[in-house]
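Asker: return a 3D structure for these sequence lines:
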Amino acid sequence: MASEPVARAVAEEVARWGAMRQTGVSLRYMMEFGARPTERTLLLAAQFLHKELPIRIARRALDLESLPFGLSSKPAILKVRDWYVDSFRDIRSFPEVRSKEDELAFTQMIKMIRVRHTNVVPTIALGVQQLKKDLGGSKKFPPGIDEIHQFLDRFYMSRIGIRMLIGQHVALHDPDPEPGVIGLINTKMSPMTVARIASEDARAICMREYGSAPDVDIYGDPDFTFPYVTPHLHLMIFELVKNSLRAVQERYMNSDKHAPPVRIIVADGAEDVTIKISDEGGGIPRSGLSRIFTYLYSTAENPPDLDEHNEGVTMAGYGYGIPISRLYARYFGGDLQIISMEGYGTDAYLHLSRLGDSEEPLP
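Answerer: Next comes the predicted model:
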């Protein structure tokens, strides 16, 4: 353990940086800035990150220290806090970025930070699951639990931003980028293609779990493209389709009727690209609708126990897919709405801003 004075000095510095103002960037800005990366633009970007990342990381480290219900003292949460403090220290102890060599060394360092934080979501989920056990399951949560939801929303939104900034900077160093790709942004992303691949991935998981999977029909213009971060869209469609497949599969499992397909419709408007995912899986009762955006609720009967090694993607589990998908949508100015007809099925509307000029929503 670090000696007391060192630990106190770091804590004071984290508090000081956590009070500073964050600077948001937009998808369009990242695209224009990274369009032709030169030594000079990469140097400027690294100097920006050298100042910006410690502010964002410090805020999360502080957040992790003051959670209600003793969540801050859970081993999993302490572990995540240590990752954030270590990353804060790494960036703060890195000298000013002044040359190409500095910039490359800085890029290597933030790449390491990104790796260090890979398992933040499952580790936090583990801490929340421990809390849930303490509170005696999830039937009725004590007042004040909203504070934990707000914290998780802030925390995960901020994490999306940090990973986007680091990932974008690292990707701009790719010596041989794909045509039309700027860092992590595909300037000509086809939502139809992403929907097809994400649906195939979700069906494969459904097959593995149930031995069969409903079809997925996709409608829209196959030639339509717009600038977006492909992995973000893949994650959102994958989560939504996976939920729909599970609902349909479970509803028709013991029936002699043929399971109806899940339908995806891609619409391109002037401002928004909207992707609608519809199923006939029986819907969600209205009383349960508000809960699907919380992190302490899962529709699965017994979510898998999280442990250190459980990295596999399971069909249903921590109830994180939907709330995190909504954060990804909101990160670039979109949104996710879910409308249910109990006894029939569910429609999810994924709105993505086509203009790419909304600033990151910084918690």
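
Asker: so where's the stretch 51-200 of the chain shaky on pLDDT?
Answerer: Across the stretch 51-200 of the chain, residues meeting the criterion (pLDDT under 70) sit at 137-141.

Asker: the same query, at a cut-off of 90, please.
Answerer: 66, 68-69, 121-122, 125-126, 128-149, 175-178 (pLDDT under 90).

Asker: pop the domain breakdown of the chain in here.
Answerer: Split into domains by automatic domain parsing, the chain comes to 4-180, 184-353.

Asker: can you tell me which of those is most buried?
Answerer: Among these, domain 184-353 has the highest mean neighbour count (mean count of other CB atoms under 10 Å), at a mean of 18. Where you see a C-beta, it was placed from the backbone N, CA and C, and this is true even at glycine.

Asker: and what about Ala348, helix, strand or coil?
Answerer: strand (DSSP: H, G, I helix; E, B strand; the rest coil).

Asker: so what sits opposite it in the bridge?
Answerer: Ile277, Ile338 (DSSP bridges).

Asker: for my notes, confirm Asp217 occurs in a strand.
Answerer: Yes. Counting by three-state DSSP, one finds Asp217 located in a strand.

Asker: wait, it touches Pro260, no?
Answerer: No. Between Asp217 and Pro260 there is no contact under CB atoms under 8 Å: 9.8 Å.

Asker: spatially nearest residue to Ala76 (excluding sequence neighbours)?
Answerer: Excluding the flanking residues, the one nearest Ala76 by CB to CB, 6 or more residues apart in numbering is Gly127, at 3.7 Å.

Asker: residue contacts, the one you found?
Answerer: Leu71, Lys74, Pro75, Ala76, Ile77, Val80 (CB atoms under 8 Å, 6 or more residues apart in numbering).

Asker: find the nearest non-adjacent residue to the second one, please.
Answerer: On the basis of CB to CB, 6+ apart, the spatially nearest residue to Lys74 that is not a chain neighbour turns out to be Gly127, at 4.2 Å.

Asker: likewise for the first one?
Answerer: Leaving out its chain neighbours, the residue that sits closest to Leu71 by CB to CB, 6+ apart is Leu131, at 5.3 Å.

Asker: from the contacts of Gly127, which is closest to Asp223?
Answerer: Nearest to Asp223, judged by CB to CB, of the contacts of Gly127 is Val80 at 43.4 Å.

Asker: so which helix or strand takes in the closest one?
Answerer: Using DSSP states H and E, Val80 falls within helix 75-92.

Asker: so where does Gly24 fall, helix or strand?
Answerer: Here Gly24 is assigned to no helix or strand, by DSSP H and E.

Asker: quick one: the strands in this protein?
Answerer: All strands of the chain, identified by DSSP state E, fall at 181-182, 185-189, 216-219, 226-228, 262-268, 272-279, 335-341, 345-353.

Asker: what's the third one in contact with?
Answerer: So that's strand 216-219. Outside strand 216-219, the residues that touch it by CB under 8 Å, 6+ apart are 192, 195-196, 199, 202-203, 241, 245, 261-266.

Asker: one more: the fourth one?
Answerer: Applying CB under 8 Å, 6+ apart, the external contacts of strand 226-228 come out as 27-28, 31, 185-189, 191, 268, 273, 332, 352, 354, 356.

Asker: so what strands line up beside that strand?
Answerer: strand 185-189 (antiparallel).

Asker: quick one: the strand it pairs with to chain centroid distance?
Answerer: Distance of strand 185-189 from its chain centroid, counting by CA atoms, centre = their mean, to the nearest Å, is 19 Å.
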